[in-house]
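Trainee: Structural data only, the sequence is not supplied:
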């Protein structure tokens with residue numbers, strides 16, 4: 001039973017403040033909106049099947065080719081501060097499920113934020129020496145190839161957010177009512193919003209809305225050709241030096 005639709009809630013008179021607090025509690029308890037996630041109308045099953053096949057072969061091939069690089073990075077992380085190689089975080093997945101996302105650890109082990117609520121900013125004091133390079137080049141995201149093979153993620157899709165992610169000091173769900181529409185497809189390692197420059201901390205409401213608008217545009221206009229363009233744009237951006245921090 002959802003607190004937003006239960007008879008008990010409907011039959012009880014709440015003050016405006018009480019209703020607002022109940023909504024906040026629900027959001028913080030990971031009760032998501034919309035209440036149920038339905039399949040996208042008119043979506044081409046063949047294209048989605050081909051997208052999944054491309055994800056599996058693409059992620060597997062990348063892991064095989066990049067294995068020496070990944071191993072070297074893991075050793076550098078250990079040498080840098082002796083902490084664990086990987087960072088794990090619970091994030092939103094397909095249809096509002098919760099998934100564990102893997103990244104190369106780029107911050108001091110004692111200062112990592114597993115909730116993801118504290119967004120990373122430029123010159124963040126928590127970032128390690130090797131971590132600064134990993135984040136600048138977005139190499140810290142490469143372990144998510146494992147998430148793609150598992151079926152939690154896709155190579156291309158809306159970037160997965162941590163539970164209770166905030167923008168401009170507000171929950172995304174409060175700031176952008178259509179927020180959870182972005183979860184109708186698997187989250188991606190890269191996405192349309194990122195190729196448009198909408199990445200990093202969102203200190204202003206307009207930035208958050210632009211990011212979600214890009215995600216929703218992608219879902220409504222998904223095609224394998226669009227995926228190829230996003231992948232090419234991401235690769236081109238990284239070859240030019242990357243945009244992370």
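Mentor: That came in fine, so what should we check first? Note that the coordinates shown come from a computational prediction; the quantities given were computed from them, not determined experimentally. Numbers count the residues shown, from 1 in each chain.

Trainee: what's the model's confidence in the helix or strand harbouring residue 228, averaged?
Mentor: In the assignment (DSSP states H and E), residue 228 maps to helix 224-239. Mean pLDDT, computed over helix 224-239, is 90.

Trainee: Give me the buried stretch members for it, please.
Mentor: 227, 230, 231, 234, 237, 238 (16 or more other Cβ atoms under 10 Å). No exception for glycine: its C-beta is placed from N, CA and C like everyone else's.

Trainee: What of stretch 80-95?
Mentor: Counting neighbours by 16+ other Cβ under 10 Å, one finds that the buried residues in stretch 80-95 are 81, 87, 89, 90, 91, 92, 93, 94.

Trainee: Skipping its backbone neighbours, what lies nearest the second one in space?
Mentor: Right, the one you point to is residue 87. Of all residues not flanking residue 87 in the chain, residue 105 sits nearest, at 4.2 Å (Cβ to Cβ, 6 or more residues apart in numbering).

Trainee: wait, that neighbour sits on residue 82?
Mentor: No - applying Cβ atoms under 8 Å as the test, residue 105 and residue 82 come out as separate, 11.3 Å apart.

Trainee: what sits against the residue nearest the centre of the chain?
Mentor: In the chain, the residue lying closest to the centroid (Cα atoms, centre = their mean) is residue 160, at 1.7 Å. Shown in contact with residue 160 (Cβ atoms under 8 Å, 6 or more residues apart in numbering): 91, 92, 93, 99, 101, 153, 187, 188.

Trainee: Of all the residues in stretch 173-180, which ones are buried?
Mentor: Result for stretch 173-180 [16+ other Cβ under 10 Å]: buried residues 173, 175, 176, 179, 180.

Trainee: quick one on the thing from earlier: tell me the one of the buried residues of stretch 80-95 nearest residue 212?
Mentor: Nearest to residue 212 among the buried residues of stretch 80-95 is residue 92, at 12.5 Å by Cβ to Cβ.

Trainee: any idea how far that closest one lies from residue 167?
Mentor: In this view, residue 92 and residue 167 are 14 Å apart by Cβ to Cβ, to the nearest Å.

Trainee: can you check residue 99 too?
Mentor: Where residue 167 is concerned, residue 99 sits at a distance of 21 Å (Cβ to Cβ).

Trainee: between these two, which one's more packed in?
Mentor: residue 167 (24 against 19; other Cβ atoms under 10 Å).

Trainee: Quick check: nearest residue in space to that one, chain neighbours excluded?
Mentor: Residue 167's closest residue in space is residue 208 (Cβ to Cβ, 6+ apart), at 3.5 Å.
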